[in-house]
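Undergrad: What follows is a predicted structure for the sequence shown.
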Amino acid sequence: VRQIEVHVTNTLGWSATTGQVQPWVYQQLTETFMLDPAMRDRLAKLNPTASAKVASRLLEACERLVELRHGSGIAFDFENLPREALPDYLRFLDAANRRFGQRGWIVTAAVPVGDPDWNLAAFARVTDRLFLMLYDQHWATGDPGPIASQDWFVQRLQEAIRQIGPDKAIATIANYGYDW
């Protein structure tokens with residue numbers, strides 16, 4: 001675990017000095033070491049201190065990325081997370097929001113609508129805004145149909161706004177299709 005933390009620290013250092021580490025690297029690190037329940041539990045049991053440092057380093061990397069790009073915030077878009085990872089994801093977003101809020105930056109997250117595993121109100125409490133994923137009524141491996149029919153879109157949007165309020169909501173619109 002200590003070696004993983006050292007590699008994350010070195011990656012962060014390289015990113016900070018060169019700006020050459022692509023965002024997908026941090027996304028993959030987060031998905032592998034922080035959001036995978038089995039891996040996260042294993043790391044925490046082996047070395048709790050180093051495990052906590054990995055999460056802190058990932059937030060530091062995000063902070064550096066926003067700083068290097070002269071941004072005003074960050075959008076997290078981790079999809080297809082297992083239900084067991086959602087409490088940790090909420091803690092991660094909360095830590096990011098507290099850290100970034102000190103700099104006047106906003107933290108946003110993309111969230112699926114209509115999925116009972118995702119407590120939208122809880123996500124709204126730890127972020128500044130939520131990108132409501134108002135699409136995938138039908139998907140590539142499912143039955144053919146609209147990406148987001150008008151009635152489905154409006155219903156999901158209204159349900160989400162009831163949970164999080166209009167001030168936190170950013171409605172997304174799909175710009176793709178499938179060829180079944």
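TA: Happy to help now that I have it.

Undergrad: Okay, now the unreliable bits of this protein?
TA: Applying pLDDT under 70 to the chain flags residues 1-19, 26, 33-35, 50-51.

Undergrad: At the geometric centre of it, which residue do we find?
TA: Note on the chain: the residue nearest the mean C-alpha position is Phe76, at 3.3 Å, using CA atoms, centre = their mean.

Undergrad: For that residue, grab phi and psi.
TA: Main-chain dihedrals, Phe76, degrees, to the nearest 10: phi -100, psi 130.

Undergrad: dump the residue contacts of it.
TA: By CB atoms under 8 Å, 6 or more residues apart in numbering, the contact list for Phe76 reads 93, 96, 107-110. C-betas here are computed from N, CA, C, even on glycine.

Undergrad: Swap in 6 Å and give it another go.
TA: By CB atoms under 6 Å, 6 or more residues apart in numbering, the contact list for Phe76 reads Ala109.

Undergrad: For beta bridges, what are the partners of it?
TA: Counting by DSSP bridges, Phe76 is bridged to Ala109.

Undergrad: Give me the buried positions along the helix or strand where Ala160 lies.
TA: In this assignment (DSSP states H and E), Ala160 forms part of helix 150-164. Judged by neighbour count using 16 or more other CB atoms under 10 Å, the buried positions of helix 150-164 are 152-153, 156-157, 160-161, 163-164.

Undergrad: Turn these into TSV, including distance to Leu132.
TA: Listed next are the buried residues of helix 150-164 as TSV, based on distance: CB to CB, whole Å:
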residue	distance to Leu132
Trp152	13
Phe153	10
Arg156	7
Leu157	7
Ala160	5
Ile161	8
Gln163	10
Ile164	8
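
Undergrad: contact partners of the helix holding Ala160?
TA: 113-114, 120-121, 124, 132, 134, 137, 169, 171.
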